[in-house]
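J.: Sequence first, predicted coordinates after that:
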Amino acid sequence: MSDRQVTIRQCAVLVGGLGARLGDLTARTPKPLLPCGDRPFLAWLLREFVRFGVEEFVLLAGFRADEMKAAVPILSASLPRAARIVVSEEPERAGTGGALYHARGLLDQRFLLCNGDTLFDSNLARLLSEDVGFARMLLCRSDDASRYGSVTLDGDRVTAFSERSALGAAGVINAGIYQFDRGLVDEFAPNCSLEADVLPRLAARGALRGTIGEGYFRDIGIPEDLLRAQREVPHVVHRSALLLDRDGVVNVDHGYVGTRDRFEWTPGAREAIRAATDAGWHVFVVTNQSGVARGHYDEAAVIALHHWMADEARRAGGTIDDIRYCPFHEDAVVPAYRRASDWRKPAPGMLLDLMRAWELDPARCVLVGDQDSDMAAARAAGIAGVRFTGGNLAEFVSPILGKFACRY
């Protein structure tokens, strides 16, 4: 298995389109900033990428870039986890490929790119875990590909694009999410179209791969689809949540596990995370880490281990959306951590903080733990708690995902 870092920390977002088909709605407001529920559509989109480890967004702005810059504080405040948002303004109308070309100095070596006016509720880890090559795109099956045009595949190699297919004809379409190597952008022209110029050229030389995802797809390019998005997207993104204790559930409890060399996944743990992600659930880890207070390791070691865990989960095709840990203990050896904390289970602080940050419905949350303290924390938070006594975690979690399933 490759040792490459699967998690990508940066996503560029195409937000510079005119939105002409929406008429007066976009006369003064960029399409991605149109309201969708209680926030801009773009806020929901960025939230989805945060789930998979993105920590920086580069907004590729053109039309009404000043409005996009002014919206950055609103977008930042809506995210469940901190992420940096910067705006790259193209010097003139440069097309979707040109917008990326003009932002090339801001881009990481490996980055994600997405359309700012489409949301695909799919397991993005399936794209991240694949070998990339030069470029890989996420694809979506559609019962009617006529509006979008279809994509032809040979295995996972994209061989051709069709601008339009017959009305009502099913096909595979471009979902508007890509993983690129920055070296690719050096081949772009200052003014070019990603869809019309770059992708067909990559396909023709065999340098473009595709991953087919499953799930809800919606763009907001025409008024009727915008209305559907306004009704549907907030419900889709407010997900069920699987909260997992760490030691004894996600990993074998060897006692104060604070480093990778002592970490051992429990049987079926990564498969359980992948199954929950595929089913459209959030996956969170909540863990008491008194090993910090007792001087066995420091917080930096815990954070590094958790980053590695999340990357390994994505390598296996799932995601850990977020993690909470409590380093405090009343009998701490390290004075800075010697205190009681309402984050330490059986208190519910970690759970309540996740519920607040991610806007979780308690009726759609389940905590899987192996200790009485886990079950007590679940009761105190007002959510379901299920005791894990060993065995294969994926097999244990499967009926939970079925019982509490609620995608759309």
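T.: Everything's here; your move. Just so it is clear, the model here is predicted, and its values are computed rather than measured. Residues are numbered from 1 along each chain as shown.

J.: Tell me how many other residues crowd R4.
T.: 10 (other Cβ atoms under 10 Å). (Glycine included, C-beta is placed from N, CA and C.)

J.: Quick check: it vs R314, distance?
T.: Counting by Cβ to Cβ, to the nearest Å, the gap from R4 to R314 is 11 Å.

J.: Repeat that for V236.
T.: According to Cβ to Cβ, V236 stands 21 Å off from R314.

J.: which one of those two has more residues nearby?
T.: Taking other Cβ under 10 Å, V236 and R314 do not tie; R314 has more neighbours (28 against 18).

J.: Can you name every helix or strand that the helix or strand harbouring the more buried one contacts?
T.: Under the criterion of DSSP states H and E, R314 resides in helix 299-315. With contacts taken as 3 or more Cβ pairs under 8 Å, 6 or more residues apart in numbering; DSSP states H and E, helix 299-315 sits against helix 125-128, helix 269-278, strand 282-288, helix 290-293, strand 322-326.

J.: looking at these, which is closest to F396?
T.: Nearest of the helices and strands packed on helix 299-315 to F396, taken as Cβ to Cβ: helix 269-278 at 7.4 Å.

J.: what helices or strands is the closest one leaning on?
T.: Secondary elements touching helix 269-278 (3+ Cβ pairs under 8 Å, 6+ apart): strand 241-245, strand 282-288, helix 299-315, helix 393-403.

J.: Go through the longest one and flag the buried ones.
T.: Applying a neighbour-count criterion of 16 or more other Cβ atoms under 10 Å, the buried positions in helix 299-315 are A301, V302, L305, H306, M309, A310, D311, E312, A313, R314, R315.

J.: Next, format the residues you listed as JSON lines and append distance to V15.
T.: Output for the buried residues of helix 299-315, formatted as JSON lines (distance: Cβ to Cβ, whole Å):
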{"residue": "A301", "distance to V15": "38"}
{"residue": "V302", "distance to V15": "36"}
{"residue": "L305", "distance to V15": "35"}
{"residue": "H306", "distance to V15": "31"}
{"residue": "M309", "distance to V15": "32"}
{"residue": "A310", "distance to V15": "27"}
{"residue": "D311", "distance to V15": "28"}
{"residue": "E312", "distance to V15": "32"}
{"residue": "A313", "distance to V15": "29"}
{"residue": "R314", "distance to V15": "25"}
{"residue": "R315", "distance to V15": "30"}
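
J.: Return the residues in contact with V386.
T.: Counting by Cβ atoms under 8 Å, 6 or more residues apart in numbering, V386 makes contact with V366, L367, V368, G369, I400.

J.: now swap in R51 and tell me
T.: R51 neighbours (Cβ under 8 Å, 6+ apart): L124, H282, T319, D321.

J.: Low-confidence regions, the stretch 101-250 of the chain specifically.
T.: Counting by pLDDT under 70, the low-confidence segments of the stretch 101-250 of the chain come to 132, 164-168.

J.: Which parts of it are strands?
T.: 110-115, 118-121, 135-142, 150-154, 157-162, 171-181, 208-213, 216-219, 241-245 (DSSP state E, counting those that start in this stretch).

J.: Pull the distance from the second one to the chain's centre.
T.: Spelled out, that is strand 118-121. Distance of strand 118-121 from the chain centroid (Cα atoms, centre = their mean, to the nearest Å) equals 11 Å.

J.: and it, what does it pack onto?
T.: Against strand 118-121 (3+ Cβ pairs under 8 Å, 6+ apart) you get helix 41-50, strand 171-181, strand 216-219, helix 223-237.
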